[in-house]
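[1] Need the 3D shape of this:
(chains A and B)
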There are 2 protein chains.
Amino acid sequence: MQAELLTIGSELLNGAIVNTNASVVARSLAELGIPCRRQVAVEDVRPRILAALGESLRRCSVLLITGGLGPTFDDCTMEAIAAATGRPLVYHPPIAACIRRFYRRHHRQLQRAALRQAYLPQGGVALANPIGTAPGLWLALPRQLVIALPGVPREMRAMMVRSVLPRLRRRPGAATIATRTLRTSGIVELAIETLLHRLRLPAELQIGLYPHLRLVDVRLTAVTRSAAASRRLLRHAERRLRRVLGAHVYGVDGDTLAGTVGARLLKHRTTLAVAESCTGGLVMDQLTNVSGSSRYLRGGVVAYHNALKQGLLGVPDAVLQRFGAVSASTAKAMAAGVRRAAGAGLGLSITGIAGPTGGRATKPVGLVYLGLADGRRTHTQRHQFFGDREAIKAQAAQAALDWLRCCLR
Amino acid sequence: MQAELLTIGSELLNGAIVNTNASVVARSLAELGIPCRRQVAVEDVRPRILAALGESLRRCSVLLITGGLGPTFDDCTMEAIAAATGRPLVYHPPIAACIRRFYRRHHRQLQRAALRQAYLPQGGVALANPIGTAPGLWLALPRQLVIALPGVPREMRAMMVRSVLPRLRRRPGAATIATRTLRTSGIVELAIETLLHRLRLPAELQIGLYPHLRLVDVRLTAVTRSAAASRRLLRHAERRLRRVLGAHVYGVDGDTLAGTVGARLLKHRTTLAVAESCTGGLVMDQLTNVSGSSRYLRGGVVAYHNALKQGLLGVPDAVLQRFGAVSASTAKAMAAGVRRAAGAGLGLSITGIAGPTGGRATKPVGLVYLGLADGRRTHTQRHQFFGDREAIKAQAAQAALDWLRCCLR
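    Alright, predicted model coming up:
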């Protein structure tokens, strides 16, 4: 089985909304082992829908359509399906009864146009809509399966889960796809690719690399005939990959760098305080997105102005005068200062130039110093990042959290 | 001119990521009066790209492609364009020099594969990538225009704005659509809709409402025969809308709430310090995303643990004991404390329960107190937000910045 997805809606074509339905449908199909080969979006215009429908039906065995099932006259998906498959529209009294009940329940006057939704192409089965009035369509043709769902994301998702996926699961021949993402830090995309090349992982395994600044996700997808075989393939590949990627792997699937750092702080039974300058609160924001972070996070200081570096963190005036706010010495004093001020086990600091202004030849935009104090010693790191203000902030935050993660191994 | 968009990436077809590029491109083209008739997404697989390319080239006059321009061997968009248009790939030494410079600047070893990005189909012009190494392509064929951009959203957006839109604007027959976005805060979508209904704005004007938690964007799109007429229509509509929306409008187009707050702080020649508890650094992060924010922002304290509320902000132990950390009294003491500690003109504080744990019947998850101290008086606000941890943090940050904006009128 190979699927295509046709999403219908002028609001997609003019960019007014993001097509979230496409990824929801694709992910649902992938989990059943039905690869989605093409996604097409067209406007609510009958000839355009008809053309796209005809092309897709020639290529795929499962065609999933969203949108254009509403009661208004620009909704013409059912007519287009009827025309493309050469089947007349048939009136379904039970659907009409459902629509009437819906209007009564919502104390609204029945609009005549609403009953347009009671027509389905001949041979089609209505899929119940638990939220709105537009029913979906399940139309099994001799060689293809056509499924139509409303475009409203909540209705689409509910009907996908309640009606479509259970029916698809019962069809024979569904392969199974399983995925696993290894999340890495401190190693670039091309270096991972070179390692992968040497590993020669089995061909049934698709590998995708998705970089986010200094982090790269390695997504493994196994497509086999049984769920057990897919899982076995993934487990085996993950073991081999972990052997070459080593400590670069900071988590899997939905893990975050901040979450991994938090788990390690808990394991070491220690607490953290953060002094941020150029990242301006971003590191603390990421750390506090983790539920339960109050167990290991004392808090932090955003020492933007030097007065705060001195007053709240105790950075000596002499250090700021001699080395400047962006220096290893200041990073050191900030880390030790925030650790002391917050009564934490560890103090982490970030000071740098996020730009676009404020850079000089000796201290260019993107220069960032990190400091880490544990009460005995204070270490520092120097980085040079590139990009715009937000990219430099984001890279500095990733580098700081990843350094902390490595120190907590 | 009629456009189609081809987005390339296996991660789109398996639903791993949402195709945000499609809406960004479609909106950009719509603003130039170039309707996007079809959006197609296919995997990074050469024959699939080739098939989709051929079909699109037969239908449209502008084909915009995103994705598959990276250095790795699964990136084959340029080869596919070369094959579909019958033009050989040509090596461009200036692009190779750019790539070498990029690697040198980032202190990274040049990977041979990276130089694959120096090849473009014959007759193509490279579009500079200000962020990464993959150049874009502008290929003017006798009857079509083919544009290719990287799939990384930040790179795609930057190149769209810097290279593609200015070039498209210079082509004849474009630009009859103009847009203006009024960004509002403190008024819900349905209330805006009711106001709009009463205004009866002209029919040539399309209006879209886009809510982001507590903020709603009102997007006006004018479609007329001349750019001047579109601009006139927009100016007139904006004036009428501003009259009914009043101070709810915090900015237009790309303005942010943090940017507006910053501009007003500058105008009032005052400075700000922030004490955050439940928002965990998010408010400071947003304020410091504004370039030049060091002129009015002293810094802040993320007082997650009560010890920091006491030690760094001077919140009296008695207040914490009697009223708790999430209370108007604590918000008051935090705002006054951070203002004093940072030597700022204004002190803003946020304390609440971001959840999902930590709520009680009297203090449920989502309860947030804000404090604002100006040296003479300290005000507080109480809010009840809903949603998950990140949604509650985001709403609290929006409410805090918007309150500050209103106080600085």
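
[2] what does the stretch 151-300 of chain A put close to chain B?
    A:177, A:179, A:188-190, A:193-194, A:206, A:208-211, A:219, A:221, A:273-274, A:276, A:279-285, A:287-289, A:291-294, A:297-300 (CB under 8 Å from any CB of the partner chain). In this view, the C-beta of every residue, glycine as well, is placed from N, C-alpha and C.

[3] Backbone torsions only: list them for residue A:303.
    Note on residue A:303: its backbone torsions stand at phi -100, psi 80 [degrees, to the nearest 10].

[4] Contacts only, for it.
    Neighbouring residues of residue A:303 by CB atoms under 8 Å, 6 or more residues apart in numbering or on different chains: A:275-277, A:309, A:312-313, A:315, A:334, B:299.

[5] do residue A:369 as well
    Taking CB under 8 Å, 6+ apart as the contact definition, residue A:369 lies against A:326-328, A:330-331, A:349-352, A:380-383.

[6] and residue A:229, how many residues sit next to it?
    16 (other CB atoms under 10 Å in any protein chain shown).

[7] And residue A:68, by the same measure?
    Residues near residue A:68, counting by other CB under 10 Å: 29.

[8] Quick check, it in contact with residue A:9.
    Yes. Counting by CB atoms under 8 Å, residue A:9 is a contact partner of residue A:68 at 7.1 Å.

[9] Quickly list what's touching both of the two.
    Common neighbours of residue A:68 and residue A:9 (CB under 8 Å, 6+ apart) are A:44, A:151.

[10] still on that earlier bit, now go through the residues of the stretch 151-300 of chain A next to chain B and say which are in helices.
    A:189-190, A:193-194, A:282-285, A:287-288 (DSSP state H).

[11] List only buried entries from those residues.
    Among these, those buried by neighbour count (16 or more other CB atoms under 10 Å in any protein chain shown) are A:189-190, A:193, A:282-285, A:287-288.

[12] For residue A:323, which non-adjacent residue is closest in space?
    Closest residue to residue A:323 apart from its sequence neighbours, by CB to CB, 6 or more residues apart in numbering or on different chains: residue A:329 at 4.4 Å.

[13] before we move on, back to that, now flag whichever of the contacts of residue A:303 is closest to residue A:106.
    The nearest member of the contacts of residue A:303 to residue A:106, counting by CB to CB, is residue A:276 at 51.1 Å.

[14] Residues in a beta bridge with that closest one, which ones?
    Bridge pairing for residue A:276 (DSSP bridges) gives the partners residue A:302, residue A:350.

[15] Residue A:341 and residue A:313 touch, don't they?
    Yes. Using CB under 8 Å, residue A:341 makes contact with residue A:313 at a distance of 6.4 Å.

[16] Give me the common contacts of those two.
    Common neighbours of residue A:341 and residue A:313, counting by CB under 8 Å, 6+ apart, are residue A:301.

[17] next one: phi and psi at residue A:281?
    phi 110, psi -10.

[18] and residue A:148, bridged to which residues?
    What pairs with residue A:148, by the bridge criterion (DSSP bridges), is residue A:65, residue A:137.

[19] How about the stretch 101-250 of chain A: which residue is closest to chain B?
    Nearest residue of the stretch 101-250 of chain A to chain B, counting by CB to the nearest CB: residue A:190, 4.3 Å away.

[20] Quick check: the gap between the residue nearest the centre of chain A and chain B.
    Nearest to the geometric centre of chain A sits residue A:254, at 8.8 Å (CA atoms, centre = their mean). Distance of residue A:254 to chain B, given as CB to the nearest CB, to the nearest Å: 12 Å.

[21] That residue: what's it in contact with?
    Contact analysis of residue A:254 by CB under 8 Å, 6+ apart lists nothing.

[22] so it sits in a strand?
    No. Counting by DSSP: H, G, I helix; E, B strand; the rest coil, residue A:254 is not part of a strand but coil.

[23] The residue nearest to residue A:231 when sequence neighbours are not counted: neighbour count?
    The shortest distance from residue A:231 to any non-neighbouring residue, by CB to CB, 6+ apart, is to residue A:178 (5.4 Å). As a burial measure, residue A:178 scores 21 neighbours (other CB under 10 Å).

[24] Which residues does residue A:178 form beta bridges with?
    Bridge pairing for residue A:178 - DSSP bridges - gives residue A:222.

[25] who touches it in this structure?
    Residue A:178 makes contact with A:221-222, A:227, A:230-231, A:233-234 under the criterion CB under 8 Å, 6+ apart.

[26] Over to residue A:13?
    Counted by CB under 8 Å, 6+ apart, residue A:13 has contacts A:41-43, B:26, B:35-39.

[27] got a winner among those residues for most neighbours?
    Neighbour counts for the contacts of residue A:13, by other CB under 10 Å, peak at residue A:41, which reaches 30 neighbours.

[28] Check what pLDDT the closest residue to it other than its chain neighbours gets.
    Computed as CB to CB, 6+ apart, the closest residue to residue A:41 that is not its neighbour in sequence is residue B:39, at 4.0 Å. At residue B:39, the predicted lDDT confidence score is 96.

[29] can you pull up the bridge partners for residue B:39?
    Bridge pairing for residue B:39 (DSSP bridges) gives the partners residue A:41, residue B:5.

[30] And for residue A:360, the neighbour number?
    Residues near residue A:360, counting by other CB under 10 Å: 11.

[31] Validate this expectation: it resides in a helix.
    No. Counting by three-state DSSP, residue A:360 is not part of a helix but coil.

[32] if we can go back for a sec, format the contacts of residue A:369 as JSON lines; extra columns: neighbour count and secondary structure.
    Output for the contacts of residue A:369, formatted as JSON lines (neighbours: other CB atoms under 10 Å in any protein chain shown; DSSP: H, G, I helix; E, B strand; the rest coil):
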{"residue": "A:326", "neighbour count": "20", "secondary structure": "coil"}
{"residue": "A:327", "neighbour count": "19", "secondary structure": "coil"}
{"residue": "A:328", "neighbour count": "17", "secondary structure": "helix"}
{"residue": "A:330", "neighbour count": "29", "secondary structure": "helix"}
{"residue": "A:331", "neighbour count": "31", "secondary structure": "helix"}
{"residue": "A:349", "neighbour count": "35", "secondary structure": "strand"}
{"residue": "A:350", "neighbour count": "29", "secondary structure": "strand"}
{"residue": "A:351", "neighbour count": "30", "secondary structure": "strand"}
{"residue": "A:352", "neighbour count": "29", "secondary structure": "strand"}
{"residue": "A:380", "neighbour count": "18", "secondary structure": "strand"}
{"residue": "A:381", "neighbour count": "15", "secondary structure": "strand"}
{"residue": "A:382", "neighbour count": "13", "secondary structure": "strand"}
{"residue": "A:383", "neighbour count": "18", "secondary structure": "strand"}
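
[33] wait, which of those is closest to residue A:320?
    Using CB to CB, the contacts of residue A:369 come closest to residue A:320 at residue A:330, 6.4 Å.

[34] how much space between that closest one and residue A:281?
    Per CB to CB, to the nearest Å, residue A:330 is found 18 Å from residue A:281.

[35] Please apply the same query to residue A:340.
    Distance from residue A:340 to residue A:281, by CB to CB: 20 Å.

[36] Helices of the stretch 301-409 of chain A, start to end?
    Along the stretch 301-409 of chain A, counting by DSSP state H, counting those that start in this stretch, helices occupy A:306-311, A:317-323, A:328-342, A:389-407.

[37] and the first one, what other elements does it pack with?
    To tie it back to what came earlier, the one meant is helix A:306-311. helix A:317-323, helix A:328-342, strand B:297-302, helix B:328-342 (3 or more CB pairs under 8 Å, 6 or more residues apart in numbering or on different chains; DSSP states H and E).
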